[in-house]
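Peer 1: below is the sequence, then the predicted model.
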Amino acid sequence: MELLKRIKAPFQDDWCRKCGRTMEHTNRRLFAIPDMTVGHYESHTEVRYFKRALWPVEEREDIPAGTYACRALEYRCPRCGRRRVKLSVFLPVRDKNKMEETILFDDGEQMEFLWH
Ligand SMILES: [Zn+2]
């Protein structure tokens with residue numbers, strides 16, 4: 001079991017790659033991406049892009065129809081303090097979310113702007 005955990009650690013988004021410990025959720029927030037509407041999805045991984053394109057919304061209902069959205073989650077390792085940010089990009093379609101892409105930022109510090 002220990003060995004399995006160590007092998008799996010690099011592939012699990014809530015595991016610290018350095019310590020192999022489960023990270024804690026520290027922040028979560030929902031954003032609309034008014035830039036991208038249905039049929040016009042483009043994959044982005046640059047911090048600069050998200051800094052410009054993400055619009056914080058309170059609830060899923062606040063996302064304009066046909067517009068992509070993004071759920072941001074921050075994890076922090078209780079042992080070494082390392083932070084990681086996961087962005088899950090999806091298209092809300094009626095009562096479902098059509099998942100498009102998940103992007104992990106291992107240096108969560110550079111994504112600090114998400115929480116302000
Ligand atoms: Zn750690």
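Peer 2: Sure thing, it's come through. This is a predicted model, so every value here is computed, not measured.
Peer 1: and the spatially most central residue of the chain, how far from residue 77?
Peer 2: Ranked by distance to the mean C-alpha position of the chain (Cα atoms, centre = their mean), the top residue is residue 87 at 1.7 Å. As judged by Cβ to Cβ, to the nearest Å, residue 87 and residue 77 stand 19 Å apart. For every residue, glycine as well, the C-beta is placed using N, CA and C.
Peer 1: ok, now residue 42?
Peer 2: With the distance defined as Cβ to Cβ, residue 42 ends up 32 Å from residue 77.
Peer 1: more neighbours, those two?
Peer 2: The neighbour comparison of residue 42 against residue 77 (other Cβ atoms under 10 Å) goes to residue 77, with 21 against 8.
Peer 1: apart from its chain neighbours, what residue comes closest to that one?
Peer 2: Nearest residue to residue 77, sequence neighbours excluded (Cβ to Cβ, 6 or more residues apart in numbering): residue 16, at 3.8 Å.
Peer 1: pLDDT wise, what is the one you found at?
Peer 2: With respect to pLDDT, residue 16 has a value of 90.
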